[in-house]
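Peer 1: Dropping the sequence and predicted coords here.
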Amino acid sequence: MRCAVPGRPTKPASLRDRLTLQRNRLPPTSVVERAPKDPTVLPLATSLESILAVGGVVAALPRDLHKKAAALQLDPTTAAGTAAFWMCGLHATPAAHAFAYDTATELHATSGIPEEVDWFPIESTYGAADVDADAYELASAGGYAVQTHVPLGTLRLGLEAAGVGAGPPVFAAFSSAHGVDGGDEFLTANSAATAAAVAPKEASPVVDAHLVTAAPSFLLADLLHERDAAEGDSFRKVLVPELEGTIHQATLGVARQLRALAERRILMLDVNSTSIGFYPKLVVSDDGETLEATGYGYESKTGTVTKGVPKVAHFGAYATKFRPGVVAYDVDAAYASAVLSLLASTRAVHGVRAMELLQFAVEGRDVKGVAVPEPDLPEAFDRISLPAALERATPHAETFASALVGLGQGTGAVTAPVAEQLAAVLGGERKEDAAVLHRVVAATTGLKAPDCCVFAHRCEEEDAEVKRVRDALAKVSM
């Protein structure tokens, strides 16, 4: 994977540099098994802040892994229920890949669970009676990823997305303020913690958290970059049709996840190619002894990429959840806005052809733009059809868009003119010069004047700044 945020180089790995490494002082093999116990896992009974403030750990697993499929608090009397346990384990294990989502949040990922990792919790940590042991092992075998400095609002969205399967499973989330405390031993996951570890600690203000999830095989940005690279390579150009077909088909899965979030009243107004990760869906192969990945994959310059299914990998500053009492919210308007944002950012960074592949998929057209006969459309296509969603959203366009004013951070927040432009698009005024969410795209891509005209024809010449960004992205490897 690459650092897919234009103009921002990969930052130093905070788990290795900013925090103190304990690998030499406290290696992962120095474990102590004390009073093993069957953990008690409960749904969140108090506020998320209060749990994290005292060094507690929360998690969220989808329904195919956990029967309750809700945000859970891990047992604070076991090692895996304390932030120090997770921090020790993460410090002791190097990440295989790292890149930056934005100026604050980084992702560090492994390719599979390394053999030397003996700290990663097993299914009993999450309540043996409620967890499918086989499903948990398959969900975690592909590796884990750590997002650092995740805002609490983003964490809440990630927990809910994980519960409904739109996001990757969250194995743990904890405050970065409760790290390694200088202990001389490292308890295994289900060991009973010492009295000092579970005693009430002075609550510290929680600003952000570390989030441990399943690891993605690749990002949508990587797939789009691979298509660009193949198109410019005389030897690999033959792969372009296959890559375009994969992008087109994978977009349907992306659309279903965005729709699922919209139905949960979660709006992804800044979704882009770095927000979507493809996570390995492992199954037991025919020989009964090995695992194989299913989903979407492609041939890169370095070899075959592990297949994966699309999920929302990151919630940015423009993602939010609307309370049930907000009458301005409309599911179709929210879904259409998220798809339009993805199309706009894709056009701005990856070019018009890349955007067309996504757009054709949600419009019921094939890779070449030819309408697909209705009997051949995917099942329940009306649910993810962009034209159908726009038509249903038209009566709610103005009230919905007005509720978005102020969303975001600082100077990049949604302004009234940006909301009005979105309302016009949702309302049916889809002119060629309509720059969809240009302020949002500018803030998330680093482009000063992004091309967000989703409904404009293909430009003959590529803007010099866009070409610079695309060339830079193609050279930066994660």
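Peer 2: In hand now; what should we look at?

Peer 1: center of the protein - which residue?
Peer 2: residue 313 (0.7 Å; C-alpha atoms, centre = their mean).

Peer 1: residues in contact with it?
Peer 2: Contact analysis of residue 313 by C-beta atoms under 8 Å, 6 or more residues apart in numbering lists 107, 167, 168, 216, 219, 274, 275, 276, 277. (C-beta placed from N, C-alpha, C; glycine too.)

Peer 1: Figure out the helix or strand that the residue lying closest to the fourth one once chain neighbours are set aside lives in.
Peer 2: By the measure of C-beta to C-beta, 6 or more residues apart in numbering, the closest residue to residue 216 outside its immediate chain neighbours is residue 277, 3.2 Å from it. Here residue 277, judged by DSSP states H and E, is contained in strand 276-279.

Peer 1: next structured bit after that strand?
Peer 2: strand 281-284.

Peer 1: elements contacting that next one?
Peer 2: When contacts are defined as 3 or more C-beta pairs under 8 Å, 6 or more residues apart in numbering; DSSP states H and E, strand 281-284 sits against helix 133-140, strand 291-294.

Peer 1: Parallel or antiparallel, list what pairs with whichever helix or strand comes after the shortest one.
Peer 2: Counting by DSSP H and E, the element after strand 291-294 in chain order, helix or strand, is strand 299-300. For strand 299-300, sheet partners with direction are given as strand 303-304 (antiparallel), following DSSP bridges.

Peer 1: what's in contact with the strand it pairs with?
Peer 2: With C-beta under 8 Å, 6+ apart, strand 303-304 has contacts from 297, 298.

Peer 1: Give the rounded mean pLDDT of that strand.
Peer 2: On average, the pLDDT along strand 303-304 is 86.

Peer 1: what about it, distance to the chain center?
Peer 2: 23 Å (C-alpha atoms, centre = their mean, to the nearest Å).

Peer 1: how does the chain divide up, domain by domain?
Peer 2: 31-214, 250-277+318-475 (automatic domain parsing).

Peer 1: Redo the ones you listed as JSON lines? Include distance to residue 290 and mean pLDDT.
Peer 2: As requested, those are exported to JSON lines (distance: least, C-beta to C-beta, whole Å; pLDDT from 0 to 100):
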{"stretch": "domain 31-214", "distance to residue 290": "11", "mean pLDDT": "84"}
{"stretch": "domain 250-277+318-475", "distance to residue 290": "24", "mean pLDDT": "89"}
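
Peer 1: Between these, which one is closest to residue 231.
Peer 2: Nearest to residue 231, of all those, is domain 250-277+318-475, at 8.5 Å by C-beta to C-beta.

Peer 1: how about the helices in the stretch 101-250 of the chain?
Peer 2: 133-140, 152-164, 195-198, 220-231, 240-263 (DSSP state H, counting those that start in this stretch).

Peer 1: Any chance of TSV for these, columns mean neighbour count and distance to residue 67?
Peer 2: Shown next, in TSV, are the helices of the stretch 101-250 of the chain (neighbours: other C-beta atoms under 10 Å; distance: least, C-beta to C-beta, whole Å):
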stretch	mean neighbour count	distance to residue 67
helix 133-140	18	11
helix 152-164	22	12
helix 195-198	14	26
helix 220-231	22	31
helix 240-263	20	19
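
Peer 1: so can I have TSV of those helices showing distance to residue 355?
Peer 2: As requested, these are exported to TSV (distance: least, C-beta to C-beta, whole Å):
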stretch	distance to residue 355
helix 133-140	32
helix 152-164	24
helix 195-198	52
helix 220-231	10
helix 240-263	10
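
Peer 1: Among these, which comes closest to residue 346?
Peer 2: helix 220-231 (7.2 Å).

Peer 1: what packs against the closest one?
Peer 2: Checking 3+ C-beta pairs under 8 Å, 6+ apart, helix 220-231 ends up next to helix 240-263, strand 276-279, helix 331-350, helix 352-362, helix 464-475.

Peer 1: mind redoing it with 7 Å?
Peer 2: Contacts defined by 3 or more C-beta pairs under 7 Å, 6 or more residues apart in numbering; DSSP states H and E place helix 220-231 against helix 240-263, helix 464-475.

Peer 1: That one relative to helix 331-350, how many degrees between them?
Peer 2: 40 degrees (axes from the mean of the first three to the mean of the last three C-alpha atoms, to 10 degrees).

Peer 1: Is residue 363 in contact with residue 386, as I believe?
Peer 2: Yes: counting by C-beta atoms under 7 Å, residue 363 touches residue 386, with 5.7 Å between them.

Peer 1: So these two - more neighbours on which side?
Peer 2: residue 386 (19 against 15; other C-beta atoms under 10 Å).

Peer 1: just to revisit the earlier point, pipe the contacts of residue 313 into CSV and attach distance to residue 206 per row.
Peer 2: As requested, the contacts of residue 313 are exported to CSV (distance: C-beta to C-beta, whole Å):
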residue, distance to residue 206
107, 20
167, 21
168, 22
216, 26
219, 28
274, 26
275, 24
276, 28
277, 26
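
Peer 1: how about a markdown table for the residues you listed, with distance to residue 243 and neighbour count added?
Peer 2: Converted to a markdown table, those look like this (distance: C-beta to C-beta, whole Å; neighbours: other C-beta atoms under 10 Å):
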| residue | distance to residue 243 | neighbour count |
| --- | --- | --- |
| 107 | 24 | 27 |
| 167 | 25 | 28 |
| 168 | 24 | 26 |
| 216 | 18 | 27 |
| 219 | 15 | 26 |
| 274 | 18 | 29 |
| 275 | 20 | 27 |
| 276 | 16 | 26 |
| 277 | 18 | 28 |
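
Peer 1: Out of those, which comes closest to residue 125?
Peer 2: For the contacts of residue 313, the nearest to residue 125 is residue 168 (17.3 Å; C-beta to C-beta).

Peer 1: what residues are up against that closest one?
Peer 2: 162, 213, 214, 279, 311, 313 (C-beta atoms under 7 Å, 6 or more residues apart in numbering).

Peer 1: change it to 6 Å
Peer 2: Counting by C-beta atoms under 6 Å, 6 or more residues apart in numbering, residue 168 touches 213, 214, 279, 311.

Peer 1: For the third one, give the beta-bridge partners.
Peer 2: When bridges are taken as DSSP bridges, the partners of residue 279 come out as residue 309.

Peer 1: hang on, it packs against residue 312?
Peer 2: No: the pair residue 279 / residue 312 is not scored as a contact, 10.4 Å apart, by C-beta atoms under 6 Å.

Peer 1: Spatially nearest residue to residue 70 (excluding sequence neighbours)?
Peer 2: Using C-beta to C-beta, 6+ apart, the nearest residue to residue 70 is residue 43, at 5.1 Å.

Peer 1: if I look at the one you found, how far off is residue 58?
Peer 2: Distance, residue 43 to residue 58, using C-beta to C-beta, to the nearest Å: 10 Å.

Peer 1: just residue 95 next, same as before
Peer 2: Per C-beta to C-beta, residue 95 is found 22 Å from residue 58.

Peer 1: Now do the helices in the stretch 301-450 of the chain.
Peer 2: With DSSP H, counting those that start in this stretch as the criterion, the stretch 301-450 of the chain has helices spanning 331-350, 352-362, 386-393, 397-402, 416-426, 438-445.
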